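Asks: sharing a model prediction with you, sequence too.
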Amino acid sequence: MSTNRDTTTEEAASRVLVLNSGSSSVKYQLLDMRDRSRLATGLVERIGESSSRLVHTPQDGEPRERTGRIADHDQALKAAAEELAADGLGLDSPELVAIGHRVVHGGLKFSEPTVITDEVLKEIERLVPVAPLHNPANITGIRTAQALRPDLPQVAVFDTAFHRSMPEHAARYAIDVETADAHRIRRYGFHGTSHAYVSRRAAELLGRPVEELNLIVLHLGNGASASAVAGGKCVDTSMGLTPLEGLVMGTRSGDIDPAVTFHLKRVAGMSADEIDALLNQRSGLVGLCGDNDMREIRRRVDEGDERAALAFAVYIHRLKKYIGAYAAVLGRVDAVVFTAGVGENSAPVREAAVAGLEGFGLAVDPGRNAVRSGEPRLISPGGARVAVAVVPTDEELEIARQTFALAHN
Ligand SMILES: Nc1ncnc2c1ncn2[C@@H]1O[C@H](COP(=O)(O)OP(=O)(O)O)[C@@H](O)[C@H]1O
Ligand SMILES: CC(=O)OP(=O)(O)O
Ligand SMILES: [Mg+2]
């Protein structure tokens, strides 16, 4: 009898809550892993400001909105828990099997999803200086979730994990080896959950095993990174020790001459913290033109705004350089894949990124590129040597999948 009941309970317990805590936002999703359906999704934005906003969307209902100051990530998560409870999906449910957390920096230790122990949490804390915008928020999310459900496994899924396969020559900076090793200075890479998921989905779209494919994946969100993926494994990626290196982003500079920092210190008298804030928060698209939303930038470009046009041109030029670099790293490219907010939605970015790269076998069909869809799709012309694709990312589903698999073992 009791065995039967246990089995039933185990079968019923199939829900995973996923938390993706960013510097000023929390995205959350409650998924039922039997059919991977989303029972509820939500977003808390502008945490810490007076204009905070929570939007909660139940599976079969209308979105509900709360406005007014949400002081920190702890309050944000508690507000999300209240919204879930209002739908009968409270965190006290016995059907919840685990909580999965996106953790941005996993350093050298973590290359797999990991059940969070005190020791694991200490290591995530130790890595705060190399992910100052992200790890502190991830830690608060973990602590609040632990307090709400101390009995449940809490699982960390690391942005860095997928990139641990990078060969040493791609992960090393060309600086003194002893200094680098003493301070664990190397290239870690981020957005790995997205790069891995999108690579697999791109292979499905192309109808070929991922093991046979060489892909360039362009994750263009507010943070942005490019990866060279050979046979499903990352061989190079544009972010480094921190998520500051590489592409031009919403507020981050991406690649600059490291001497710019000494120059700002010596000549402009700026402190390390001031330079950090400049490069992470007041650079990139926002630094170049005052806006970081690609929709707004394109609107301004279309109206003839010169600063927006320059920002767009700098963004595209950097993107092209990485496409070219990764074509060289891979030797042969089967597909270039666009993903994340900008990559999935901005036809002008995709068109401009590939323009002039016919010599690499790259082209975009204007009709296909103009299609708006939530589905993976090809945007290259029929018969093109290299496929160009749009593949929506789903970091939350991937985190849920990995969390569920680990909680069941
Ligand atoms: N329709 C659109 N056209 C162009 N850009 C868009 C569109 N929708 C969203 N974006 C861009 O996507 C960005 C957010 O991407 P997202 O992947 O959600 O970022 P993050 O996860 O880093 O917050 C926004 O800053 C905006 O520039
Ligand atoms: C690592 C990183 O840049 O993440 P996000 O794009 O969420 O800021
Ligand atoms: Mg993102």
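Replies: Here it is on my side, so go on. Numbering: from 1, shown residues only. Ligands and ions are numbered 1, 2, ... in the order given.
Asks: tell me the residues of the stretch 251-400 of the chain that contact ligand 1?
Replies: Residues of the stretch 251-400 of the chain found near ligand 1 (CB under 6 Å from any ligand atom) are 292-295, 340-342, 345-346. Bear in mind the C-beta positions are built from the backbone N, C-alpha and C, glycine included.
Asks: and the nearest residue to residue 71 once chain neighbours are set aside, what does it touch?
Replies: In this structure, residue 71 finds its nearest non-sequential neighbour in residue 48, 6.4 Å apart by CB to CB, 6 or more residues apart in numbering. Contacts for residue 48 (CB atoms under 8 Å, 6 or more residues apart in numbering) come out as 24, 70-72.
Asks: from those residues, list the buried ones, please.
Replies: 24, 70 (16 or more other CB atoms under 10 Å).
Asks: a markdown table please, covering the contacts of residue 48 and showing pLDDT.
Replies: Conversion of the contacts of residue 48 to a markdown table gives the following (pLDDT from 0 to 100):
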| residue | pLDDT |
| --- | --- |
| 24 | 81 |
| 70 | 95 |
| 71 | 94 |
| 72 | 92 |
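Asks: between the contacts of residue 48, which sits nearest residue 192?
Replies: Lowest distance from residue 192 to the contacts of residue 48 (CB to CB) belongs to residue 24, with 21.9 Å.
Asks: now the closest residue in space to the closest one that isn't next to it in sequence: how far from ligand 2?
Replies: Distances taken as CB to CB, 6+ apart put residue 47 closest to residue 24, at 5.2 Å, once the chain neighbours are dropped. Using CB to the nearest ligand atom, to the nearest Å, residue 47 is found at 14 Å from ligand 2.
Asks: burial measure for residue 47, as a count.
Replies: 24 (other CB atoms under 10 Å).
Asks: and for residue 302?
Replies: With other CB under 10 Å as criterion, residue 302 counts 11.
Asks: pretty sure residue 218 is in a strand, no?
Replies: Yes: assessed by DSSP: H, G, I helix; E, B strand; the rest coil, residue 218 belongs to a strand.
Asks: quick one, what contacts it?
Replies: 224, 226, 319, 322-323, 336-339, 343, 353.
Asks: distance check, it against ligand 2.
Replies: Using CB to the nearest ligand atom, one obtains 13 Å as the distance from residue 218 to ligand 2.
Asks: what's across from that residue in the sheet?
Replies: Beta bridges link residue 218 to residue 226, residue 338, judged by DSSP bridges.
Asks: so what's it scoring on pLDDT?
Replies: As predicted, residue 218 sits at a pLDDT of 99.
Asks: a helix runs through residue 315, doesn't it?
Replies: Yes: judged by three-state DSSP, residue 315 forms part of a helix.
Asks: quick check: closest non-adjacent residue to it.
Replies: residue 248 (4.5 Å).
Asks: what's the distance between the one you found and ligand 2?
Replies: As defined by CB to the nearest ligand atom, residue 248 lies at a distance of 13 Å from ligand 2.
Asks: tally of neighbours for that residue?
Replies: Counted by other CB under 10 Å, the residues lying close to residue 248 total 23.
Asks: swap in residue 37?
Replies: Residues near residue 37, counting by other CB under 10 Å: 10.
Asks: now do residue 402
Replies: 22.
Asks: go ahead and confirm it touches residue 158.
Replies: No: using CB atoms under 8 Å, residue 402 is not in contact with residue 158, being 10.0 Å away.
Asks: okay, and the common contacts of these two?
Replies: Listed as contacting both residue 402 and residue 158 by CB under 8 Å, 6+ apart are residue 113.
Asks: any idea how far the closest residue in space to residue 391 that isn't next to it in sequence is from ligand 1?
Replies: Once flanking residues are discounted, residue 391 sits nearest to residue 376: 4.4 Å by CB to CB, 6+ apart. Distance of residue 376 to ligand 1, computed by CB to the nearest ligand atom: 16 Å.
Asks: number of nearby residues for residue 376?
Replies: 18.
Asks: so it sits against residue 390, correct?
Replies: Yes: Residue 376 is in contact with residue 390 according to CB under 8 Å; the separation is 6.9 Å.
Asks: ok, now how distant is the residue nearest to residue 247 when sequence neighbours are not counted from residue 367?
Replies: Nearest in space to residue 247, with sequence neighbours left out and distances taken as CB to CB, 6+ apart, is residue 224 at 4.3 Å. The spacing between residue 224 and residue 367, counted by CB to CB, to the nearest Å, is 26 Å.
Asks: and if you look at residue 320?
Replies: Distance from residue 320 to residue 367, by CB to CB: 23 Å.
Asks: so between the two, which is more surrounded?
Replies: residue 320 (17 against 9).
Asks: next one: whichever strand or helix holds the more buried one to chain centre, how far?
Replies: Using DSSP states H and E, residue 320 sits in helix 306-330. Centroid separation between helix 306-330 and its chain, computed with CA atoms, centre = their mean, to the nearest Å, is 19 Å.
Asks: what of stretch 32-50?
Replies: 15 Å.
Asks: tabulate the CA atom coordinates of it in PDB.
Replies: Provided in PDB are the C-alpha atoms of stretch 32-50 (Å, rounded to 0.1, in the frame of the first residue of the first chain):
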ATOM      1  CA  ASP A  32       6.100  20.800 -14.900                       C
ATOM      2  CA  MET A  33       8.800  18.400 -16.200                       C
ATOM      3  CA  ARG A  34       6.400  15.700 -17.200                       C
ATOM      4  CA  ASP A  35       5.500  17.700 -20.300                       C
ATOM      5  CA  ARG A  36       7.900  20.700 -19.800                       C
ATOM      6  CA  SER A  37       4.900  23.000 -19.600                       C
ATOM      7  CA  ARG A  38       5.200  26.400 -17.900                       C
ATOM      8  CA  LEU A  39       2.700  26.700 -15.100                       C
ATOM      9  CA  ALA A  40       3.700  30.300 -14.500                       C
ATOM     10  CA  THR A  41       6.400  32.700 -15.600                       C
ATOM     11  CA  GLY A  42       7.400  36.000 -14.100                       C
ATOM     12  CA  LEU A  43       9.800  39.000 -14.200                       C
ATOM     13  CA  VAL A  44      10.700  41.500 -11.500                       C
ATOM     14  CA  GLU A  45      12.400  44.500 -13.000                       C
ATOM     15  CA  ARG A  46      14.200  47.600 -11.700                       C
ATOM     16  CA  ILE A  47      14.800  46.100  -8.300                       C
ATOM     17  CA  GLY A  48      16.000  48.700  -5.800                       C
ATOM     18  CA  GLU A  49      14.300  51.600  -7.700                       C
ATOM     19  CA  SER A  50      11.000  53.300  -6.900                       C
END
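Asks: great, nothing more from me.
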